[in-house]
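Q: Kindly generate the corresponding structure for this input.
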Amino acid sequence: MERLYHHLWKYRMFGRRLRLADGRRVEVIDPGLPNNGAGPDFFNSKIRIADGEEWAGNVEIHVKASDWFRHGHDKDTAYDSIILHVVAASDCRVNRRDGSVIPQVEVILPPELYSAYSRLHTDLDAVRCEHGLRTLPQLTVIDWLESLAIERLQTRASNVMRIFALTGNDWQQTCFVILARAMGFGLNGDPFELTALSLPLRIMARHSDNPLQLEALLFGQAGMLDTSQHILDDRYQLLCREYYFLARKYGLKPLRCDMWKYARTRPQNMPHRRLAMLARACEGGFSMLRTLLDCKGDPELLTPLFGWKLEGYWATHQSFDTDESSAPAKLSQASIRLLMINAVAPLYYAYGMHIGNPDMAELALDLLEALPPEQNTIIRRWQAAGLSVKSAATSQALLQLRREYCDKRNCMRCRFSHQLLRTIITESDKASIYS
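A: Okay, the predicted model is just below:
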């Protein structure tokens, strides 16, 4: 039933105006973004309580209010930013770690809605127009997917330009940040980006011949070095000493350690190993942008650029004081292809548009066309619905379609829906003529 409540909250089906358990009114301005990993259910939500000030933060949903304590949220720092608790049964009050009470809404649904949910819940995440996709003209499908691939590239290029502005118009630093974000592989993209933004390459360059100090800078800025944690691992203690010296020297301030996510993360994808690999990329100085441009979108030339290999301590550890001898020391081919899709292609497009070189921007599309498609749940659902996915350009287009149109219920802006509606209208007109 909690999944039903997630769905109803996501699509505002509870309504904009609700009432708290204490009788006050609450207006839902923005339900926020669903979180599929560990932590609160919805991020960046906005509400207004009793015609007062707007609150911005996270929302948690449970069947019973007491599940808050059963899941240990009252002792978890990740839940200190909860501004609203939505429940089916308000059997108790809930509070944050500091004892402050969290506003709570009890939503009781009619029995017939539960009956409908039992019949439909398996389709909540399905492709809504699945039954009509196979009837669409092939030209319509190809044309729309090509437009979506460009739309997604433009969206990602806009993010590159945002980073470019934050770095003071430094393309090399921008490349470093975009690569770091891609190393987070979605789950930890934000903390990787923030860590890279906090470390000017001029500082990294001064220590490019010292792998230990590069690691210390990255792990320290990531908030992962704290002697109060009493980790007795020799490598950890050595990195702590190096970081505290470097932090004082350059006036660096570490980020919060609680921004990293570890749930359902395979050993080879642990943030510690990815940060260690990013440190390897900085050895000898980070100057990847020019090399990427020289490769001109050729996957065979690009692949060796991401061939960093973990050695020594990180070859046998997934995190500090945690052995993991079975994790591969190098990125898999699938991971390298994801870096090309998520970092290299957007950089090509943004850089080409910035310098007024359409041919450079075109390299981004050529690269996506040359790479095999991503394989994930969303792509498999589109394939099951009858769409052929032959390249990363198509898989990127389908991700854009799902996230910006299907998930946001922008069906009237989708060319597939438009064509299906036209077909229905045409068939209806024919029936009326011959009746």
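
Q: Go ahead and list the helix or strand containing the residue nearest to Pro137 when sequence neighbours are not counted.
A: Nearest residue to Pro137, sequence neighbours excluded (Cβ to Cβ, 6 or more residues apart in numbering): Gln419, at 7.3 Å. Backbone N, C-alpha and C define where each C-beta goes, glycine included. Following DSSP states H and E, one finds Gln419 within helix 415-434.

Q: average pLDDT across that helix?
A: Here helix 415-434 scores 63 as its mean pLDDT.

Q: same deal with stretch 195-210?
A: 96.

Q: Same check on stretch 100-118?
A: Rounded mean pLDDT across stretch 100-118 is 77.

Q: Also stretch 155-175?
A: For stretch 155-175, the per-residue pLDDT averages 97.

Q: Stretch 386-401 too?
A: 95.

Q: Tell me which residues touch Tyr244, please.
A: Applying Cβ atoms under 8 Å, 6 or more residues apart in numbering, we find Tyr244 in contact with Gly220.

Q: which parts of whichever strand or helix holds it are buried?
A: Using DSSP H and E, Tyr244 maps to helix 234-250. Residues Arg235, Tyr236, Leu239, Cys240, Glu242, Tyr243, Leu246, Ala247 are the ones in helix 234-250 that count as buried (16 or more other Cβ atoms under 10 Å).

Q: Dump these into TSV; add distance to Asp298 as well.
A: Listed next are the buried residues of helix 234-250 as TSV, based on distance: Cβ to Cβ, whole Å:
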residue	distance to Asp298
Arg235	38
Tyr236	40
Leu239	37
Cys240	42
Glu242	38
Tyr243	38
Leu246	38
Ala247	40
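
Q: Just flag the most distant two among those.
A: Farthest-apart pair in those is Arg235 and Ala247; separation 18.0 Å (Cβ to Cβ).

Q: Can you pull up the most central residue in the chain?
A: The centre of the chain sits closest to Gly186, judged by Cα atoms, centre = their mean, with a distance of 3.8 Å.

Q: Pop out the phi and psi values for that residue.
A: phi 90, psi -60 (degrees, to the nearest 10).

Q: any idea how far Ile341 is from it?
A: Separation of Gly186 from Ile341 (Cβ to Cβ, to the nearest Å): 12 Å.

Q: follow-up on the earlier one: count of neighbours near the residue nearest to Pro137?
A: Burial of Gln419 is recorded as 19 neighbouring residues (other Cβ atoms under 10 Å).

Q: got the contact list for Asp170?
A: By Cβ under 8 Å, 6+ apart, the neighbours of Asp170 are Phe164, Leu201.

Q: Identify each buried residue in stretch 167-178, please.
A: Result for stretch 167-178 [16+ other Cβ under 10 Å]: buried residues Thr167, Asp170, Trp171, Gln172, Gln173, Thr174, Cys175, Phe176, Val177, Ile178.

Q: May I ask which two of the residues you listed are separated the most?
A: Asp170 and Ile178 (12.1 Å).

Q: Do you have the strands of the stretch 251-400 of the chain handy? List them.
A: Assigned by DSSP state E, counting those that start in this stretch, the strands in the stretch 251-400 of the chain fall at 317-319, 322-323.

Q: Just the closest of the buried residues of helix 234-250 to Leu293, please.
A: Using Cβ to Cβ, the buried residues of helix 234-250 come closest to Leu293 at Leu246, 31.1 Å.

Q: From what I see, the closest one and Pro254 are in contact.
A: No - the criterion here is Cβ atoms under 8 Å, and Leu246 misses it with Pro254 at 11.2 Å.

Q: quick one: Ala385 and Thr135 touch, right?
A: No - counting by Cβ under 8 Å, Ala385 stays clear of Thr135, with 11.7 Å between them.

Q: Of the two, which one has the most company?
A: Using other Cβ under 10 Å, the more surrounded residue of Ala385 and Thr135 is Ala385, with 17 against 10.

Q: which residues does the more buried one contact?
A: Val127, Glu130, Leu133, Arg134 are the contacts of Ala385 under Cβ under 8 Å, 6+ apart.

Q: and it, how far is that from Glu60?
A: 33 Å.

Q: now swap in Val101 and tell me
A: Distance from Val101 to Glu60, by Cβ to Cβ: 14 Å.

Q: likewise Asp170?
A: In terms of Cβ to Cβ, Asp170 sits 39 Å off from Glu60.

Q: before we move on, the earlier item: was I right about the residue nearest to Pro137 contacting Leu133?
A: No - Gln419 lies out of contact with Leu133 (Cβ under 8 Å); the separation is 9.9 Å.

Q: show me where the stretch 201-350 of the chain has helices.
A: 201-206, 211-221, 234-250, 271-281, 288-295, 299-302, 333-339, 345-354 (DSSP state H, counting those that start in this stretch).

Q: what's the host helix or strand of Arg48 packed up against?
A: Arg48 is located in strand 42-49, with elements delineated by DSSP H and E. For strand 42-49, the packing partners by 3 or more Cβ pairs under 8 Å, 6 or more residues apart in numbering; DSSP states H and E come out as strand 25-30, strand 33-34, strand 54-64, strand 82-89.

Q: Pairing partners for the first one, with directions?
A: Just to be clear, that refers to strand 25-30. strand 17-19 (antiparallel), strand 42-49 (antiparallel) (DSSP bridges).
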